[in-house]
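1. Pasted the sequence and its predicted model underneath.
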Number of protein chains: 2
Amino acid sequence: MGHWFVTLDASLKARWQKAFPDAQSSTADVVEQHAKSGDLVWIASSVASWPTLTQRLVPMGLTVVILSYSPHDKEALKALDLGARGYVHTLAAVSVLEQVALVVSNQGIWVGQELLAKVIGGSFRALSQRTEAPANDYDDHLGVLTERERGVALAVARGATNKEVARQLDITERTVKAHLSAIFRKLSVRDRLQLMLKLSSTNERVVS
Amino acid sequence: MGHWFVTLDASLKARWQKAFPDAQSSTADVVEQHAKSGDLVWIASSVASWPTLTQRLVPMGLTVVILSYSPHDKEALKALDLGARGYVHTLAAVSVLEQVALVVSNQGIWVGQELLAKVIGGSFRALSQRTEAPANDYDDHLGVLTERERGVALAVARGATNKEVARQLDITERTVKAHLSAIFRKLSVRDRLQLMLKLSSTNERVVS
DNA sequence: TCTATTTCTGTCCATCGGTACAATATTTTT
DNA sequence: AAAAATATTGTACCGATGGACAGAAATAGA
């Protein structure tokens, strides 16, 4: 199994070479063309194209780990969502990187404990609601919305612009506005900011 | 690193003293006032106020483990959601308690394997990374801002419009815009929505 | 004292966001 | 079948937002 490093920061390469002496540091293109199935690819999130790169590499059978200088849950979730199998601090100790390599190359997923706790906590709400409370906080806010409106509301709650929502749902921006007007009226909020607050207050899952 | 025990059950104290001879058994108030950052606090779930106590202790930099006579998934998830880092049976073997202490005091999370398997379907590994530099998340995001910029950022994160912020801080709308421009640049966000997300993601306090 | 930082303000302008009028087609309910 | 709800798109209007140029006063540090 080979290791590949993708970064713009030259100072990182020395660090990584130390952790994995037989690793190769290269560009996105080179990795895409020469990496073999099963190889492990470490990508710095400072590489702007890391999401698309991840999306391309994962289907090729490569294992991707994202490294971030300022790890945060949202980016971690995005990384996992795109198929990455690990999310670590760029400056994690070499011993940690070795452990990460071990875990992810054996079908494991490596993620920080804060995120893990949140994921578990979020699942808890979903589970407990189904088992004992049919009327849940999901319905409290989003239940009055139609399926389509829910989709728009969630996209907006993630910070998307109207244009982005339109692209995501493959409808025109005008339609997004129409749905939003209905959402605002039904939920009694004045704009997308208040909508965001309303949803995030009781429905953390919108970020995942 | 000190150990603190919070319980109403006197019989537990002897047990815990055996596991951790240098530990202190005391009340919630005492712990809150004397425990130091990094200390490990064991709380029996028979203490009715354990959720609120956990919520107060975690932000203080304390590591919290909840002990339950009748462990169940729902309570465990609630504990984790509140920031506890471990959930164990009150009568777990002393050797187990020692392992728990080792894991949680090294940034790990301890939960029963049944729960872990149930919630995450076996795809996650309960390994954890030690994220160095535990600069708190407040400074992570807002530390680079000036005092005034922080005020503007927090107001906007609560969903206020520029006009409202201007009124609140008794400055012109133009000044609010100037501060916002600086905030966006410093925090690398494109607009107030992303700012909102960035702040609420790791700093729940701003929205509450 | 000089400099850098911070705070506050101005105008202009392009874009975004939301509403007010719409209309049409599809699906669901009665 | 008729009615209601849902999903879609259009034009026009206007306030909100954010950047592009600014400038000026106060404060803190060297």
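-> Noted; the coordinates are in hand.
2. Pull up the gap between the residue in chain A that DNA strand C sits nearest to and chain B, please.
-> With C-beta to the nearest atom of the strand as the measure, the residue in chain A that lies nearest DNA strand C is A:Asp191; the distance is 3.2 Å. From N, CA and C alone the C-beta is placed, and that goes for glycine too. As judged by C-beta to the nearest C-beta, to the nearest Å, A:Asp191 and chain B stand 8 Å apart.
3. Phi and psi next, for that residue.
-> phi -160, psi -180 (degrees, to the nearest 10).
4. One more: A:Ala76?
-> phi -60, psi -50.
5. Distance check, it against B:Trp110.
-> Counting by C-beta to C-beta, to the nearest Å, the gap between A:Ala76 and B:Trp110 amounts to 21 Å.
6. can you check A:Gln99 too?
-> 18 Å.
7. coming back round to it: show me which of A:Ala76 and B:Trp110 is the more surrounded one.
-> A direct count of neighbours by other C-beta atoms under 10 Å in any protein chain shown for A:Ala76 and B:Trp110 places A:Ala76 higher, at 24 against 21.
8. The more buried one and A:Tyr87 touch, don't they?
-> Yes. A:Ala76 sits in contact with A:Tyr87 when judged by C-beta atoms under 8 Å, with a separation of 4.2 Å.
9. Show me what from chain A comes close to DNA strand C.
-> For chain A, the residues found near DNA strand C under the criterion C-beta under 7 Å from any atom of the strand are A:Thr161, A:Asn162, A:Lys163, A:Lys177, A:Ala178, A:Leu180, A:Ser181, A:Phe184, A:Arg190, A:Asp191, A:Arg192, A:Leu193.
10. Go again with 10 Å.
-> If contacts are counted using C-beta under 10 Å from any atom of the strand, the residues of chain A sitting beside DNA strand C are A:156, A:159-166, A:173-185, A:189-196.
11. Show the buried residues in those.
-> A residue is treated as buried here by neighbour count (16 or more other C-beta atoms under 10 Å in any protein chain shown); on that basis the buried members of the residues of chain A next to DNA strand C are A:156, A:159-162, A:165-166, A:175-176, A:179-180, A:182-184, A:189, A:192-193, A:195-196.
12. Now look at stretch A:30-44 and say if it contacts chain B.
-> No. Stretch A:30-44 lies out of reach of chain B by C-beta under 8 Å from any C-beta of the partner chain, never closer than 14.1 Å.
13. in that stretch, what's buried?
-> Applying a neighbour-count criterion of 16+ other C-beta under 10 Å, one finds A:Val31, A:Glu32, A:Ala35, A:Asp39, A:Leu40, A:Val41, A:Trp42, A:Ile43, A:Ala44 buried in stretch A:30-44.
14. gap between A:Leu195 and A:Asp9?
-> A:Leu195 is 38 Å from A:Asp9, where distance means C-beta to C-beta.
15. which residues are contacting stretch A:13-24?
-> With C-beta atoms under 8 Å, 6 or more residues apart in numbering or on different chains as the contact definition, stretch A:13-24 has outside contacts at A:Gly2, A:His3, A:Trp4, A:Phe5, A:Thr7, A:Ser25, A:Trp42, A:Leu91, A:Val94, A:Leu97, A:Glu98, A:Ala101.
16. Can you get me a residue count around the closest residue in space to A:Trp110 that isn't next to it in sequence?
-> Leaving aside its sequence neighbours, A:Trp110 sits nearest to A:Gly86 (C-beta to C-beta, 6 or more residues apart in numbering or on different chains; 3.9 Å). Taking other C-beta under 10 Å as the criterion, the count of residues near A:Gly86 is 25.
17. hey, what's A:Gly86 bridged with?
-> In this entry, A:Gly86 is beta-bridged to A:Val65, A:Trp110, by DSSP bridges.
18. Just after the helix or strand harbouring A:Lys177, pick out the following helix or strand.
-> When elements are defined using DSSP states H and E, A:Lys177 is found to belong to helix A:173-187. Tracing the chain past helix A:173-187, the next element assigned as helix or strand by DSSP H and E is helix A:192-202.
19. Which elements pack onto that next one?
-> Using 3 or more C-beta pairs under 8 Å, 6 or more residues apart in numbering or on different chains; DSSP states H and E as the contact definition, the elements that helix A:192-202 packs against are helix A:147-157, helix A:173-187, helix B:192-202.
20. Out of those helices, which is closest to B:Leu67?
-> helix B:192-202 (28.3 Å; C-beta to C-beta).
21. Quickly check: that closest one near DNA strand D or not.
-> Yes. Part of helix B:192-202 sits near DNA strand D under the criterion C-beta under 10 Å from any atom of the strand, namely B:Arg192, B:Leu193, B:Gln194, B:Leu195, B:Met196.
22. so what's the residue lying closest to the fourth one once chain neighbours are set aside scoring on pLDDT?
-> Leaving out its chain neighbours, the residue that sits closest to B:Leu195 by C-beta to C-beta, 6+ apart is B:Val189, at 4.9 Å. We note a pLDDT of 87 for B:Val189 in this prediction.
23. Could you tell me the backbone phi and psi angles at B:Val189?
-> Note on B:Val189: its backbone torsions stand at phi -120, psi 160 [degrees, to the nearest 10].
24. Contact partners for it?
-> B:Val189 makes contact with B:Ile183, B:Leu195, B:Lys198 under the criterion C-beta under 8 Å, 6+ apart.
25. one more time with 10 Å
-> Applying C-beta atoms under 10 Å, 6 or more residues apart in numbering or on different chains, one finds that B:Val189 lies in contact with A:Gly159, B:His141, B:Ala153, B:Ile183, B:Leu195, B:Met196, B:Leu197, B:Lys198, B:Leu199.
26. Spit out the contact partners of the residue lying closest to the third one once chain neighbours are set aside.
-> By that I understand B:Ala153. Using C-beta to C-beta, 6+ apart and skipping residues adjacent in sequence, the residue nearest B:Ala153 is B:Ile183, 5.2 Å away. The neighbourhood of B:Ile183, defined by C-beta under 10 Å, 6+ apart, consists of B:Leu142, B:Val144, B:Leu145, B:Thr146, B:Glu149, B:Arg150, B:Val152, B:Ala153, B:Val156, B:Val189, B:Arg192, B:Leu195.
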